[in-house]
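**Q** coords please:
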Amino acid sequence: MKKASIATAEHPFIRILLIVLAVTFVGIFVMLPLAVVFAEALSKGLGTYSHALMDENARSAIKLTLLVAVIAVPCNMIFGLAASWAITKFDFVGKRILITFIDLPFSVSPVISGLIYVLLFGTHSLLSGWLERNDIQIIFAVPGLVIATIFVTFPFVARELIPLMEEQGTEAEEAAVMLGANGWQTFWYVTLPNIKWGLFYGVLLCNARAMGEFGAVSVVSGHISGLTNTIPLHVEILYNEYNFAAAFAVASILTLLALFTLLLKSIIEYYFPHEIKALH
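**A** Presented below is the predicted three-dimensional model:
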């Protein structure tokens with residue numbers, strides 16, 4: 001018997017048991033919560049559901065969430081490309097420190113990161129006087145939300161690209177340079193085509209986290225309805241006000257965005273299986 005088939009040659013009872021356990025786990029911890037979200041959102045009818053989404057504060061929260069994601073995700077994409085390029089293509093002093101800093105948001109609580117920005121840009125911070133004199137509002141305003149979101153999401157693109165670019169090595173870029181290509185041509189025609197699927201995956205993860213972030217933006221937002229509340233913060237306010245149907249209705253927007261992200265990922269994997277296999 002081939003080694004590849006030994007691991008799958010278990011007794012049928014074992015295989016069935018493992019499949020049942022996996023399906024049960026997914027059903028309880030993934031499918032059931034999704035069903036509850038939509039069931040509660042529609043519990044009082046489509047009229048209540050649509051009214052909750054058309055509420056002025058809800059529309060403002062949706063727009064603000066999309067605005068923050070539109071700003072934060074491209075910033076992290078640029079950073080991820082630059083950081084992964086530098087780490088995998090060059091040797092320099094402090095490379096390991098840079099890699100450690102990239103992983104920092106994974107080990108720091110989002111609430112703590114939000115508090116750090118309050119201490120940096122808040123009313124009693126060292127920069128508060130300069131910010132006031134120049135009429136710049138960061139905390140309890142959109143810039144604070146963007147900065148906090150960038151911090152908690154910036155590892156995703158870099159962490160997706162670094163292993164991929166390390167595995168690919170530098171041979172293709174060196175060959176392009178020897179043939180007369182400049183730095184931009186090498187990146188655009190050689191490096192980018194080889195990492196496009198890793199970049200796509202990283203952007204998907206970054207965008208999903210940016211739209212669903214709660215802890216960091218909660219600290220820096222000030223919870224100003226209609227101005228600094230993103231979708232997760234608006235859901236919290238509605239839930240605390242015992243407006244459960246409206247809370248779940250707004251939460252369903254994030255759920256739909258997550259399902260759309262998953263669908264997009266599945267479509268790409270279906271139509272480009274060889275490229276995705278090469279990525280992994």
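**Q** worst-scoring helix or strand of this protein, pLDDT-wise?
**A** When the helices and strands of the chain are scored by mean pLDDT, DSSP states H and E, helix 3-6 comes last with a mean of 53.
**Q** Who are the contact partners of the closest residue to Pro232 other than its chain neighbours?
**A** Closest residue in space to Pro232, ignoring its immediate chain neighbours: Phe214 at 4.3 Å, by Cβ to Cβ, 6 or more residues apart in numbering. For every residue, glycine as well, the C-beta is placed using N, CA and C. If a contact means Cβ atoms under 8 Å, 6 or more residues apart in numbering, then Phe214 has 110, 232-233, 236 as its contacts.
**Q** Looking at those, state which has the most neighbours.
**A** Leu233 (23 neighbours; other Cβ atoms under 10 Å).
**Q** Which parts of whichever strand or helix holds that residue count as buried, going by neighbours?
**A** Using DSSP states H and E, Leu233 falls within helix 231-240. For helix 231-240, a neighbour-count test (16 or more other Cβ atoms under 10 Å) marks 231-238 as buried.
**Q** Stretch 58-72 now?
**A** Of the residues in stretch 58-72, 58, 60-62, 64-65, 68-69, 71-72 count as buried by neighbour count, 16+ other Cβ under 10 Å.
**Q** Kindly reformat those as CSV containing pLDDT, secondary structure and distance to Ala176.
**A** Below are the buried residues of stretch 58-72 laid out as CSV (pLDDT from 0 to 100; DSSP: H, G, I helix; E, B strand; the rest coil; distance: Cβ to Cβ, whole Å):
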residue, pLDDT, secondary structure, distance to Ala176
Ala58, 93, helix, 50
Ser60, 94, helix, 48
Ala61, 94, helix, 47
Ile62, 92, helix, 44
Leu64, 95, helix, 43
Thr65, 94, helix, 40
Val68, 95, helix, 37
Ala69, 94, helix, 34
Ile71, 96, helix, 33
Ala72, 95, helix, 32
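**Q** CSV for those, including distance to Arg15?
**A** What follows is these, written out as CSV (distance: Cβ to Cβ, whole Å):
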residue, distance to Arg15
Ala58, 47
Ser60, 51
Ala61, 46
Ile62, 45
Leu64, 48
Thr65, 43
Val68, 45
Ala69, 42
Ile71, 48
Ala72, 44
